[in-house]
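Undergrad: I'd like to go over a predicted model; first the sequence, then the structure.
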Amino acid sequence: MGPPRHLALLPDLPGQRVAWPVPFAEGLALLDGFAGRRVVVLASGDPFWFGAGSVIARRYPRDAWRALPGVSVFSLAVAHMGWPLERVLCLGHHAAPLSRLRPHLAPGARLIVTLRDGEAVADLGACLTGLGFGASALTVMEALGGPRERITATRADAVTGGFGHPVCVAIEVAGEGAVLPCTAGLDDGVFASDGVMTKRPVRALTLSALAPRPGERLWDIGGGSGSVGIEWLLSHPTTEAVTIEPRADRIALIRTNAAALGVDRLQVVEGKAPDALAGLPLPQAVFVGGGLSAALLDHLFASLPPGTRLVANAVTLASEALLIQAQAARGGALLRIELSEAAPLGPRRAWKASYPVVQWSVTL
């Protein structure tokens with residue numbers, strides 16, 4: 001079994017040849033049908049680096065398969081470029097949106113990305129140019145290591161079509177595009193919003209209290225623009241987040257922001273907590289930014305395992321009183337956040353205060 005282009009490279013051999021279908025997942029059922037027979041699956045290079053290997057290995061017992069890896073496309077690419085592989089970001093975009101590049105774009109960064117086909121090279125150039133990185137140097141590498149190998153050097157804002165599959169591109173990022181910072185608290189302007197969002201300084205303090213760690217999952221209750229869940233995902237590539245939001249218009253904003261900032265893995269659930277929480281995989285941290293109520297807090301404490309971190313923000317007097325009562329009954333820490341910004345006052349300037357925010361953080 002394998003893609004038609006791989007099967008075409010084989011000499012005459014006994015046995016049945018089966019083309020792996022598209023989409024890839026449909027081939028797994030075909031593979032199941034050969035149970036009890038000796039089967040060879042052909043995949044490009046190292047099947048465990050953005051390849052089919054991990055998908056197949058998860059499906060079958062360890063003693064049922066054996067992998068014979070070849071040289072990966074990334075090793076072939078850096079061998080051509082002369083780049084140290086340990087300092088290059090390697091990404092598989094043959095089945096992923098190009099928007100996922102967004103968090104990694106900064107002048108001087110070096111990336112190698114696999115693409116779905118030759119036409120996607122032009123899409124990559126347009127994506128980089130649209131984000132302000134049109135000056136990035138691209139090295140387009142087709143059919144690396146084979147008789148059809150072809151190397152083309154160009155710029156993101158000058159790339160044209162005519163490339164063949166399989167293809168990968170080495171990118172040396174350059175340009176004046178906006179670079180996302182590594183710290184929590186992105187500028188409010190990077191998010192599309194209807195005005196309901198956790199603002200930058202409070203968001204930074206909220207993320208600090210939530211303390212994201214690799215592999216952890218967040219429930220963001222009352223997502224608004226999705227800013228907290230999105231920044232949780234930006235903290236590490238293995239994190240997960242679920243945003244719960246009852247309003248359809250805000251759900252559209254959340255999805256727009258997640259895609260624009262390269263974290264389309266954000267799961268969005270339409271509904272109101274606690275009802276919308278039923279059936280969701282359990283989190284390691286929960287943020288309540290909207291819909292705060294005593295009933296919601298009781299549900300979270302009754303249904304979530306010990307060790308879950310909970311952070312809730314309140315602006316109104318009623319929600320502030322609720323958090324004060326909750327802290328007295330359940331422990332944790334209360335923080336009152338009062339911020340002022342310099343603003344015009346007649347011909348002079350003065351401090352303009354924002355509404356104070358009360359933040360409760362507790363470990364269940």
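TA: That came in fine, so what should we check first?

Undergrad: Quick check: Gly185 touching Arg203?
TA: Yes - counting by Cβ atoms under 8 Å, Gly185 touches Arg203, with 5.6 Å between them. Every C-beta, even on glycine, is put in place using the N, C-alpha and C of the backbone.

Undergrad: Find residues that contact each of the two.
TA: Any residue near both Gly185 and Arg203 by Cβ atoms under 8 Å, 6 or more residues apart in numbering counts here, and that gives Glu231.

Undergrad: The two: who's more crowded?
TA: Arg203 (22 against 19; other Cβ atoms under 10 Å).

Undergrad: part of a helix, is the more buried one?
TA: Yes - when classified by DSSP: H, G, I helix; E, B strand; the rest coil, Arg203 is found to be part of a helix.

Undergrad: Local confidence estimate at Thr160?
TA: What the model reports for Thr160 is a pLDDT of 88.

Undergrad: Skipping adjacent residues, who's closest to it in space?
TA: Nearest residue to Thr160, sequence neighbours excluded (Cβ to Cβ, 6 or more residues apart in numbering): Ala122, at 6.8 Å.

Undergrad: Gly215 now?
TA: For Gly215, ignoring the flanking residues on the chain, the nearest one in space by Cβ to Cβ, 6+ apart is Thr238 at 4.7 Å.

Undergrad: now swap in Leu297 and tell me
TA: Nearest one to Leu297, counting by Cβ to Cβ, 6+ apart, is Ala326 at 5.7 Å.

Undergrad: Leu335 and Gly224, how far apart?
TA: With distances taken as Cβ to Cβ, to the nearest Å, Leu335 is found 20 Å from Gly224.

Undergrad: Over to Cys90?
TA: On the measure of Cβ to Cβ, Cys90 and Gly224 end up 34 Å apart.

Undergrad: Looking at the two, which has the bigger crowd around it?
TA: Neighbour totals were compared for Cys90 and Gly224, and Gly224 leads with 23 against 19 (other Cβ under 10 Å).

Undergrad: three-state assignment of that one?
TA: Assignment for Gly224 (three-state DSSP): coil.

Undergrad: how about the helices of the stretch 151-300 of the chain, start to end?
TA: With DSSP state H, counting those that start in this stretch, the ranges of helices along the stretch 151-300 of the chain come out as 200-210, 227-234, 248-260, 294-303.

Undergrad: For the second one, what is the distance to the chain centroid?
TA: Its chain's C-alpha centre lies 9 Å from the corresponding centre of helix 227-234 when counted by Cα atoms, centre = their mean, to the nearest Å.

Undergrad: Could you find the closest non-adjacent residue to Val41?
TA: Nearest non-adjacent residue to Val41 (Cβ to Cβ, 6+ apart): Met1, at 5.0 Å.

Undergrad: Was I right to think that neighbour contacts Glu26?
TA: No - counting by Cβ under 8 Å, Met1 stays clear of Glu26, with 11.8 Å between them.

Undergrad: Who has more neighbours out of the two?
TA: Taking other Cβ under 10 Å, Met1 and Glu26 do not tie; Met1 has more neighbours (20 against 10).

Undergrad: so who does that one touch?
TA: Met1 neighbours (Cβ under 8 Å, 6+ apart): 18-20, 27, 30-31, 39-42.

Undergrad: switch to 10 Å and redo it
TA: 7, 16-21, 27, 30-31, 34, 39-43, 52 (Cβ atoms under 10 Å, 6 or more residues apart in numbering).

Undergrad: How about Pro274?
TA: 221, 244, 291, 293, 295-300, 302-303.

Undergrad: ok, 8 Å please
TA: Taking Cβ under 8 Å, 6+ apart, we find Pro274 in contact with 295-296, 299-300, 303.

Undergrad: Only the buried subset of those residues, as a PyMOL command please.
TA: Buried subset of the contacts of Pro274, written as a PyMOL selection, criterion 16 or more other Cβ atoms under 10 Å:
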select buried, resi 296+300
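
Undergrad: Now tabulate the contacts of Pro274 in a markdown table and tack on pLDDT and distance to Arg62.
TA: Listed next are those as a markdown table, based on pLDDT from 0 to 100; distance: Cβ to Cβ, whole Å:
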| residue | pLDDT | distance to Arg62 |
| --- | --- | --- |
| Ala295 | 95 | 47 |
| Leu296 | 96 | 43 |
| His299 | 96 | 40 |
| Leu300 | 97 | 39 |
| Ser303 | 96 | 35 |
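
Undergrad: Dump the contacts of Pro274 to a markdown table, plus distance to Ala174.
TA: Shown next, in a markdown table, are the contacts of Pro274 (distance: Cβ to Cβ, whole Å):
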| residue | distance to Ala174 |
| --- | --- |
| Ala295 | 53 |
| Leu296 | 48 |
| His299 | 51 |
| Leu300 | 47 |
| Ser303 | 50 |
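
Undergrad: Closest to the centroid, which residue in this protein?
TA: Val263 (3.2 Å; Cα atoms, centre = their mean).

Undergrad: Mind splitting this structure into its structural domains?
TA: As given by the TED database, the domain ranges for the chain are 4-58, 73-173, 188-363.

Undergrad: between those, which gets nearest to Arg66?
TA: domain 4-58 (10.2 Å; Cβ to Cβ).

Undergrad: measure the closest one end to end?
TA: 24 Å (Cα to Cα, to the nearest Å).

Undergrad: Let me see the ranges of the strands in the stretch 101-250 of the chain.
TA: For the stretch 101-250 of the chain, the strands defined by DSSP state E, counting those that start in this stretch occupy 110-115, 137-142, 150-155, 167-172, 217-221, 240-245.
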